[in-house]
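[1] Below is the structure, and that's it, no one-letter string:
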Ligand code: GUN
């Protein structure tokens with residue numbers, strides 16, 4: 001069993017990006033600038049966004065954090081997005097999800113300039129991804145592809161089972177694993193809450209990608225020997241004995257499942273850090289494209 005070490009690989013990617021930024025500075029060029037918008041003060045979302053901003057600083061990017069109250073109206077958020085679209089200093093930005101219920105998430109995503117949509121959530125970018133065109137790939141699926149690539153995990157002809165059809169992870173992942181090329185060329189089954197015989201389907205998988213958000217859902221008896229297991233779940237489970245009052249649990253019963261697998265991602269330290277590294281990579285790409293336009 002080999003661990004797909006997201007912490008290590010994400011640090012390598014950040015070092016690669018930092019080296020490129022240092023060269024940009026040497027040439028007297030403007031460095032990439034990422035803005036992040038967060039509405040409300042959900043603990044997990046704040047942690048993710050703060051981590052994204054800190055990572056920007058680490059690689060030498062400029063960053064701007066925009067915090068809006070949970071009572072923000074849809075119109076106010078759309079105005080802020082318009083400002084960011086117009087601001088030539090900003091190369092890319094994200095609006096952290098989920099949003100409060102008074103705001104229509106799809107409307108917000110549609111308002112983002114596709115050229116600045118470093119999350120790859122806009123239908124233009126999502127469509128390009130599905131058509132194998134060059135675009136921003138959503139950071140979590142992009143991070144999973146990068147891990148598979150850097151560990152030389154064979155995906156061609158394999159049966160990949162994706163658990164969960166979210167717009168952020170499951171749906172794009174199912175498209176990417178079936179694309180021509182590597183990582184890709186898999187035969188993909190996308191499973192969800194209405195899937196019948198889900199355990200039987202999972203037991204046939206060469207590669208399992210779980211993005212369900214149910215702690216320890218995936219048990220050892222459900223996966224076949226030598227399967228590759230990617231755990232996207234990251235749930236805060238209340239635990240008074242811990243300093244923070246919770247611990248982070250993946251979808252996978254790591255202790256027992258890992259004994260059967262060829263490759264597996266841990267939680268934390270697997271997919272999570274890769275997501276941030278790939279967001280930085282998309283922002284660097286946005287800067288390069290933006291410079292070409294100016
Ligand atoms: N919420 C959970 N994951 C993500 C992500 O990758 N991007 C944004 N914007 N919100 C998220």
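    Happy to help now that I have it. Computed from a predicted model, the values in this text were never measured in an experiment. Numbers count the residues shown, from 1 in each chain.
[2] Give me the spatial nearest neighbour of residue 12, chain neighbours excluded.
    Excluding the flanking residues, the one nearest residue 12 by CB to CB, 6 or more residues apart in numbering is residue 150, at 7.9 Å. C-beta here means a position set from N, CA and C on the backbone, and glycine is covered the same way.
[3] how about residue 46, secondary structure?
    Under the three-state scheme (DSSP: H, G, I helix; E, B strand; the rest coil), residue 46 adopts helix.
[4] Quick check: closest non-adjacent residue to it.
    The shortest distance from residue 46 to any non-neighbouring residue, by CB to CB, 6+ apart, is to residue 38 (6.7 Å).
[5] for residue 97, same thing?
    What sits nearest to residue 97 in space, not counting adjacent residues and going by CB to CB, 6+ apart, is residue 105, at 6.4 Å.
[6] Enumerate every residue touching the one you found.
    97, 98, 99 (CB atoms under 8 Å, 6 or more residues apart in numbering).
[7] between these, which is closest to the ligand?
    Nearest to the ligand among the contacts of residue 105, counting by CB to the nearest ligand atom, is residue 97 at 3.8 Å.
[8] In terms of helices and strands, where is that closest one?
    For residue 97, there is no enclosing helix or strand under DSSP states H and E.
[9] Report how many residues lie close to it.
    Look at residue 97: counted by other CB atoms under 10 Å, it has 17 neighbours.
[10] need the residues of this structure near the ligand, please.
    Counting by CB under 6 Å from any ligand atom, the chain comes close to the ligand at 94, 95, 96, 97, 119, 139, 140, 168, 275.
[11] Kindly list the main-chain dihedrals of the fifth one?
    By that I understand residue 119. phi -80, psi -20 (degrees, to the nearest 10).
[12] I'd say it and residue 138 touch.
    Yes: here residue 119 reaches residue 138: they are 6.1 Å apart, a contact under CB atoms under 8 Å.
[13] Pick out whichever of those two has more residues nearby.
    Shown here are residue 119 and residue 138; by other CB under 10 Å, residue 138 has more neighbours (26 against 23).
[14] residue contacts, that one?
    By CB under 8 Å, 6+ apart, the contact set of residue 138 is 119, 120, 121, 129, 168, 169, 172.
[15] one more time with 10 Å, if that's ok
    When contacts are counted by CB atoms under 10 Å, 6 or more residues apart in numbering, residue 138 touches 117-121, 125-126, 129, 167-169, 171-173, 176, 275, 278-279, 282.
[16] do residue 23 as well
    Per CB under 10 Å, 6+ apart, neighbours of residue 23: residue 29.
[17] isn't there a strand covering residue 189?
    Yes: under three-state DSSP, residue 189 sits within a strand.
[18] From residue 207, how far off is the nearest residue to it once chain neighbours are set aside?
    Closest residue in space to residue 189, ignoring its immediate chain neighbours: residue 161 at 4.9 Å, by CB to CB, 6+ apart. For residue 161, the distance to residue 207 equals 7 Å [CB to CB, to the nearest Å].
[19] Find residues that contact each of these two.
    Taking CB under 10 Å, 6+ apart as the contact rule, residue 161 and residue 207 both touch 177, 186, 188, 227.
[20] In helices, which of the residues you listed fall?
    With helices defined by DSSP state H, the entries of the shared contacts of residue 161 and residue 207 inside them are residue 177.
[21] Derive a PyMOL selection command for the buried subset of the shared contacts of residue 161 and residue 207.
    A single PyMOL command selects the buried members of these (16 or more other CB atoms under 10 Å):
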select buried, resi 177+186+188+227
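[22] Now flag whichever of the shared contacts of residue 161 and residue 207 is closest to the ligand.
    residue 177 (18.0 Å).
[23] Next up, the contacts around the closest one.
    Per CB under 10 Å, 6+ apart, neighbours of residue 177: 141, 144-145, 148, 155, 158, 160-162, 183-188, 190, 207, 209.
[24] Tell me where this protein has strands.
    All strands of the chain, identified by DSSP state E, fall at 2-3, 33-39, 62-68, 92-95, 159-163, 187-191, 207-210, 228-231, 235-238, 246-249, 263-264.
[25] would you list those strands in CSV and tack on mean pLDDT?
    Putting these into CSV (pLDDT from 0 to 100) gives the following:
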stretch, mean pLDDT
strand 2-3, 98
strand 33-39, 98
strand 62-68, 98
strand 92-95, 98
strand 159-163, 99
strand 187-191, 98
strand 207-210, 99
strand 228-231, 99
strand 235-238, 96
strand 246-249, 96
strand 263-264, 98
